[in-house]
Structure formats: structure tokens, C-alpha cells
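Enquirer: 3D model of this:
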Amino acid sequence: MSEELTPSSAGTAPTGSDSAGSLVVVDHPLDHVARITLNRPEVLNALSIDLVIELWDALERVAAENQTWVVVLTGAGSSFCSGLDLKDYGIIPNIDGLQVGRIAQRSMRYYSRLIPKMRSLPQPILAAIHGAAYGGGLCLSLGADIRLASETARFNATGIVNGLTSTEMGVSFLLPKLIGAANSSDLLLTGRVVDANEAQQMGLVSRVLAPAELESTVLELAERMCRFSPYGLAMSKETIWANLEATSLAAAIDLEDRNQLLLGFTNNLPQAIAAFKRGETPDYTDEPRHDIWPEPLT
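Expert: Residues are numbered from 1 along each chain as shown. I've put the predicted structure just below:
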């Protein structure tokens, strides 16, 4: 959820986007990279039902793009996302005949289903976080696979400040696993604001960058990741997320073994060995490997 904030500057959606005027804008700044931008800069990209629906649709569309291997999630203007829009959060569609309880429950699902959707994307998601990442914005950042922050980034579990709980959109499951139970409780129970440097010390973000360097660094990282096997990226992401819920070390290793074997059955490793011998960068094709199979009997 969000506390009331005033934007310090207006922002614009990425140029070359496919949906001018949309609340969520998708563009492709690099080959194999999709960028999803929350586009309500005048309210620090606060979450309304309409924005949440557009974000869901954008995630579904990008997930189906076979030539998109990495996704960047960010916010237009001065902030990443300030959480729920307390002034204009909107009404979910298709509520005719429903009583208040069912409407409320269904409304909550519109928000909470976003994190499992982000997890289910085959592509790794890089969150480029600047300004406020409050409430639902903090939760959205946890749905990403890698979080990079501007020095301007601020994190806050705002629900507790607004008389609700701070536990929403999977944060009580994901945050302790990311930064430990002590740090997680410190954020979720106190409602205090954490700056970018403290967030990095906790392990909430992996890098803190100067504001002018955030976008270029995130895109450089995405471009670097696109040099790897898209199959390898997808399977690594799947394993990392699945093993957050593994019941034992043995179960985690079993899944790792399976996925490593699946990649071992591609021609990627021989391509890598040959390219490294030549002093070149491998061009991974994910094509099936044939040299490990015996010749058929005649």
C-alpha cells in the first residue's frame, strides 16, 4: 500500500513504445530485451486496478515473445512505484451480482496474482528501481529476479502505516528469504523507510548506482545476459524460484540435476568449448546435441 507522496518531477514513457498513453508501456530497447514501464508518473506510478490489469496483460504478452530473453521492469518519472493509489484505486470489472465480500476478495487477487505471474515468466526480470518503492512497489520489486537501485531509491512496507497489515502480495514469504527474518520483520513491523545503501547492505538490492547510470547499467546487464542461452536463462530462473520452496537439499539438487542434464543435451557446451578455443564469444543455439548418442544399429 502507499502513503501520500508528491512527485518531484514528471516523466515520460520510453520512446518507441507500442502504446502511447497507456498505464503500462512495453518497448524493446535492445534485441531480445523487453522493457515494461509503469506509466503513471504524476502519482509516482501508484497502483490502480486499471494499471494492474494492464501490467498483467503486458506480462502475459512478453512471456509469449519467443525472441524476448530478458525483461526490464521500471517506472516512468521520478519513482518506481509508490504502492496502492489511495485516492483512485478503481473498481474491478465484472462485479454484477457480487456482494461486498466477494468483490473485495476478487479485488485483492488482481494485485496478489502479479507476483506469481512474474515468477512464471520464462525470462529473467531485472527491476530498475528509483525513487519510491513503497508498499505494492516493494512487493513488485520482490517479483523480479535481480534488483538494481538508483541512489534515489527508497523502500517501505506502507500497509502497516495505513492501518492495515504490511503483509501483501507475497512479501511475508519472499522478503525473509531474501534478507533474513530479522531484517524482514524490521521493515514489515516498523514501517520505516530504507534508503538504497541500507537496502544493499540487507541484500534487498544487488547494486546501487548513480541516478544517471541506472538505465544504462540495467540495459548493459540485460544485453550481457542475452549472450547466454535463452534456454539456460529460463531453466536457471525456474530452478532458483522452485528451490525457494524446496523441502530439502536433496530435492533442490534433484531439480538442479534434471535441468542441467536438459541443457547438457543441447549443443551449447560443445559450441562454448569450440568458441573459447578460438578466443570468441559462443553463439548459443539451444539445438539438440547429437554427438553423445551411439550410432544406430544396422
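
Enquirer: When you work out contacts or count neighbours from here on, use the C-alpha atoms and nothing else.
Expert: Fine.

Enquirer: and Phe276, how many neighbours does it have?
Expert: By the measure other C-alpha atoms under 10 Å, the count of residues near Phe276 is 12.

Enquirer: Grab the nearest non-local neighbour of it.
Expert: Of all residues not flanking Phe276 in the chain, Pro282 sits nearest, at 7.3 Å (C-alpha to C-alpha, 6 or more residues apart in numbering).

Enquirer: Could you pull out the helices in the stretch 101-250 of the chain for me?
Expert: 114-120, 136-142, 171-179, 181-190, 196-202, 214-225, 230-243, 249-264 (DSSP state H, counting those that start in this stretch).

Enquirer: what packs against the fifth one?
Expert: Under the contact criterion of 3 or more C-alpha pairs under 8 Å, 6 or more residues apart in numbering; DSSP states H and E, helix 196-202 touches strand 154-156, strand 207-209.

Enquirer: if we can go back for a sec, pretty sure the residue nearest to Phe276 sits against Pro270.
Expert: No. Using C-alpha atoms under 8 Å, Pro282 makes no contact with Pro270, being 9.6 Å away.

Enquirer: Between the two, tell me which one has more neighbours.
Expert: Neighbour count, other C-alpha under 10 Å: between Pro282 and Pro270, Pro282 has more, with 19 against 15.

Enquirer: ranking the helices and strands packed on helix 196-202 by burial, who's on top?
Expert: Ranked by mean neighbour count under mean count of other C-alpha atoms under 10 Å, the helices and strands packed on helix 196-202 are led by strand 154-156, which reaches a mean of 27.

Enquirer: Report the distance from that strand to the chain centre.
Expert: 16 Å (C-alpha atoms, centre = their mean, to the nearest Å).

Enquirer: Please apply the same query to stretch 44-64.
Expert: Its chain's C-alpha centre and that of stretch 44-64 lie 12 Å apart, by C-alpha atoms, centre = their mean.

Enquirer: what's next to it, contact-wise?
Expert: 2, 5-7, 23-26, 34, 36, 38-40, 68, 75-85, 88-92, 110-111, 114, 117-118, 121-123, 132, 136 (C-alpha atoms under 8 Å, 6 or more residues apart in numbering).

Enquirer: Counting neighbours, which of the residues you listed end up buried?
Expert: By neighbour count, with 16 or more other C-alpha atoms under 10 Å, these hold 2, 7, 23-26, 34, 36, 38-40, 68, 75-85, 92, 110-111, 114, 118, 121-123, 132, 136 as buried.

Enquirer: and the residue nearest in space to the middle of the chain, what is it in contact with?
Expert: Nearest to the geometric centre of the chain sits Ala144, at 2.3 Å (C-alpha atoms, centre = their mean). Ala144 makes contact with Leu73, Met118, Arg119, Pro124, Ile125, Leu126, Ala127, according to C-alpha under 8 Å, 6+ apart.

Enquirer: any idea how far it lies from Ser120?
Expert: Taking C-alpha to C-alpha, to the nearest Å as the criterion, Ala144 is separated from Ser120 by 11 Å.

Enquirer: element containing Ile36?
Expert: Using DSSP states H and E, Ile36 sits in strand 33-38.
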